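J.: here is the input, now give the coordinates:
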Amino acid sequence: MATKTETTADNAKLQADVDALRNDLAEITKTLKTMGGQAAETRTQAAAERIREVTGQARDQFDHARGVAVDQVRENPLASVAVTFGVGLLVGRLLQK
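T.: Numbering: from 1, shown residues only. Predicted coordinates for the structure are as follows:
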C-alpha cells in the first residue's frame with residue numbers, strides 16, 4: 001500500500017505534469033494563431049494584387065473603348081449626333097412610363 005508520502009509525491013508529480021501540459025498547450029495555441037494570421041495576411045496580399053491587376057486591365061479596356069468612341073465621333077460627327085439623339089429619345093420614353 002502506498003504511503004502518504006508516496007501519494008503526496010505522486011500528486012505533486014502529476015500536478016507538475018498537468019502544468020507542463022498547460023504550458024505546452026498555450027505555446028501550441030500561440031503558434032497556431034501566428035500561423036493563421038500569416039496565412040490570412042498572405043491571402044489578403046494575393047487578393048489585393050489580383051484586384052490591382054483586374055483594375056489595371058479594366059482601365060486599359062476603358063481607355064481603348066473611349067479612344068474608339070472618340071475616333072468614331074471625329075470620323076462621323078453627324079451620325080454620332082443622330083445616334084445620341086435617338087438614344088436620348090428612347091431613354092426619355094422609357095422613363096416616362
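
J.: longest helix in this protein, please.
T.: Using DSSP state H to define each element, the chain has its longest helix at helix 4-75.

J.: tell me what angle the helix or strand that that one is followed by forms with helix 4-75.
T.: For helix 4-75, the succeeding helix or strand toward the C-terminus, using DSSP states H and E, is helix 77-96. Taking axes from the mean of the first three to the mean of the last three C-alpha atoms, to 10 degrees, one finds that helix 77-96 is oriented at 130 degrees with respect to helix 4-75.

J.: for Ala46, give its distance to Gly37.
T.: According to C-beta to C-beta, to the nearest Å, Ala46 stands 15 Å off from Gly37. Backbone N, C-alpha and C define where each C-beta goes, glycine included.

J.: quick one, what contacts Asn23?
T.: Not one residue lies near Asn23 by C-beta atoms under 8 Å, 6 or more residues apart in numbering.

J.: now it: how far from Ala16?
T.: Plainly put, Asn23 is 11 Å away from Ala16 if you go by C-beta to C-beta.

J.: and what of Thr8?
T.: In terms of C-beta to C-beta, Thr8 sits 13 Å off from Ala16.

J.: ditto for Arg93
T.: To Ala16, Arg93 is 86 Å away according to C-beta to C-beta.

J.: now Val68
T.: Using C-beta to C-beta, we find Val68 at a distance of 78 Å from Ala16.

J.: can you check Thr29 too?
T.: For Thr29, the distance to Ala16 - C-beta to C-beta - is 20 Å.

J.: low-confidence stretches in the chain?
T.: 1-4, 97 (pLDDT under 70).

J.: make it 90
T.: The chain contains residues with pLDDT under 90 at 1-45, 69, 72-73, 80, 97.

J.: let's see stretch 52-61 as CSV, backbone CA atoms only.
T.: Extracted C-alpha coordinates of stretch 52-61, given in CSV (Å, rounded to 0.1, in the frame of the first residue of the first chain):
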residue,chain,number,x,y,z
ARG,A,52,-4.7,45.7,-58.8
GLU,A,53,-4.3,43.5,-61.9
VAL,A,54,-8.0,43.5,-62.7
THR,A,55,-8.3,47.2,-62.1
GLY,A,56,-5.4,47.9,-64.5
GLN,A,57,-7.0,45.7,-67.1
ALA,A,58,-10.4,47.4,-66.8
ARG,A,59,-8.7,50.8,-67.0
ASP,A,60,-6.9,49.7,-70.2
GLN,A,61,-10.1,48.4,-71.8
